[in-house]
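Participant: Quick one, structure for this:
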Amino acid sequence: MTTLTAPPRTAPPPNRARTSTGSGKWKRRLPLLPALVFTIVVTQLPFVATIVISTLQWNILKPGERHFVGLSNFTFVFTDERLRTAVLNTIVLTASVVLISVVLGLGLALLLDRRFAGRGLARTMLIAPFLVMPVAAALLWKHAIYNPDYGLLNGTLNAVYRLFGAANGPTVDWVSSYPMPAVVVSLVWQWTPFMMLILLAGLQAQPGDVLEAARVDGASATATFRHITLPHLRQYIELGVLLGTIYVVQTFDAVYTITQGGPGSQTTNLPYEIYLTMFRKYEYGQAAAAGVVVVLGSIVIATFALRTVASLFREEVSR
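Facilitator: Below is the predicted model of the structure:
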């Protein structure tokens, strides 16, 4: 009698497709490894070094007295009167520039989204301020516009006064009389084109069939903008607010060039105060702690800004 025996069990063959796919992914990612290492070395290692320095009491004029102080420098940042003023000025400057730039950028984007003769030239001219170097833009506003003797603002005021029979108009020292608005206006001039480009891209990405359906249903332009265009632009506005906050909170060129933090520290923001602490007081530990606060503060401000914008849109859509 013949007995049937089962064939011996053998291990299943390896999944060659999965193995080859995994190795293929690593082969594609391997060329990016040098760029990743370079990015970490250039950005993250200096930040780690800044955190380490922020825990030290280090004055370059007293090299033998460097020692570890823990979080004392951060306590100094939030208790020192000058640094507290710098934090408040940074918040006011950033919020003012970003909000005004978004509003003006939205208005310009709505205008440029329409077809008219010379639209390409208008776009180029409106984008130009964003392409100017920050220092050059600050010098332009300080000397060509704000100067009390030959600036454009006082020249225009004098011309208007002469039209009404006055000999001369008032001579206003705009930088000394209105230091914070002077810096805000110069930065708004520079950052409005950036916001305009982002929002214009959002307007041109709107689905045409939805807008056409709204027109067919008899919706007014105001209703279409309020219920269709504005909710569609939400993610673009959030992007503009986020990027604008991150960059404007680090503003140094305009403050240094136009006002140098004065008068009376009215425009001294954190980056400029860090400069003073580092190169005037030579307190490396305190300057590093303030630099860490700038990074964390930019994240916090951007988060609150995005939450505020999102809540406003939720209220608008729910109506």
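
Participant: Give the rounded mean pLDDT of stretch 49-68.
Facilitator: Stretch 49-68 carries an average pLDDT of 89.

Participant: so how far is residue 303 from the residue sitting nearest the centre point of the chain?
Facilitator: In the chain, the residue lying closest to the centroid (CA atoms, centre = their mean) is residue 244, at 2.4 Å. Applying CB to CB, to the nearest Å, the value for residue 244 to residue 303 is 14 Å. In this view, the C-beta of every residue, glycine as well, is placed from N, C-alpha and C.

Participant: and what of residue 185?
Facilitator: 27 Å.

Participant: With residue 159 instead?
Facilitator: 47 Å.

Participant: quick one, what contacts the nearest residue to residue 142 once chain neighbours are set aside?
Facilitator: Setting aside the residues directly before and after it, residue 142 is nearest to residue 258 in space (CB to CB, 6 or more residues apart in numbering), at 4.8 Å. Residue 258 is in contact with 138, 141-142, 146, 175, 179, 182-183, 186, 267, counting by CB atoms under 8 Å, 6 or more residues apart in numbering.

Participant: And for residue 143?
Facilitator: residue 151.

Participant: Reduced to three states, what does it come out as?
Facilitator: On the three-state scheme (DSSP: H, G, I helix; E, B strand; the rest coil), residue 143 is labelled helix.

Participant: and which of the contacts of residue 258 is nearest residue 253?
Facilitator: Nearest to residue 253 out of these is residue 138 (CB to CB; 5.5 Å).

Participant: wait, the closest one sits on residue 254?
Facilitator: Yes: the criterion here is CB atoms under 8 Å, and residue 138 meets it with residue 254 at 4.6 Å.

Participant: Pull up the overlap in contacts between these two.
Facilitator: With CB under 8 Å, 6+ apart, residue 138 and residue 254 have common neighbours residue 186.

Participant: wait, doesn't residue 271 sit right on residue 248?
Facilitator: No: if you go by CB under 8 Å, residue 271 and residue 248 don't touch, sitting 10.5 Å apart.

Participant: okay, these two: which has more neighbours?
Facilitator: residue 248 (25 against 19; other CB atoms under 10 Å).

Participant: which residues touch that one?
Facilitator: 93-94, 97-98, 187, 191.

Participant: export those residues to JSON lines and tack on distance to residue 78, pLDDT and neighbour count?
Facilitator: Shown next, in JSON lines, are the contacts of residue 248 (distance: CB to CB, whole Å; pLDDT from 0 to 100; neighbours: other CB atoms under 10 Å):
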{"residue": "93", "distance to residue 78": "19", "pLDDT": "94", "neighbour count": "22"}
{"residue": "94", "distance to residue 78": "18", "pLDDT": "90", "neighbour count": "27"}
{"residue": "97", "distance to residue 78": "24", "pLDDT": "96", "neighbour count": "27"}
{"residue": "98", "distance to residue 78": "23", "pLDDT": "93", "neighbour count": "27"}
{"residue": "187", "distance to residue 78": "26", "pLDDT": "96", "neighbour count": "29"}
{"residue": "191", "distance to residue 78": "28", "pLDDT": "95", "neighbour count": "25"}
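
Participant: Pull out the buried residues from the helix or strand harbouring residue 91.
Facilitator: For residue 91, the host element (DSSP states H and E) is helix 81-112. By neighbour count on 16 or more other CB atoms under 10 Å, the buried set for helix 81-112 is 83, 85-87, 89-91, 93-98, 100-102, 104-106, 108-110, 112.

Participant: and after the lowest-mean-pLDDT helix or strand in the chain, which helix or strand comes next?
Facilitator: Here the helix or strand of the chain ranked lowest by mean pLDDT, DSSP states H and E is helix 16-29, holding a mean of 64. Per DSSP H and E, helix 16-29 leads on to helix 33-39 as the next helix or strand towards the C-terminus.

Participant: All good on my end, thank you.
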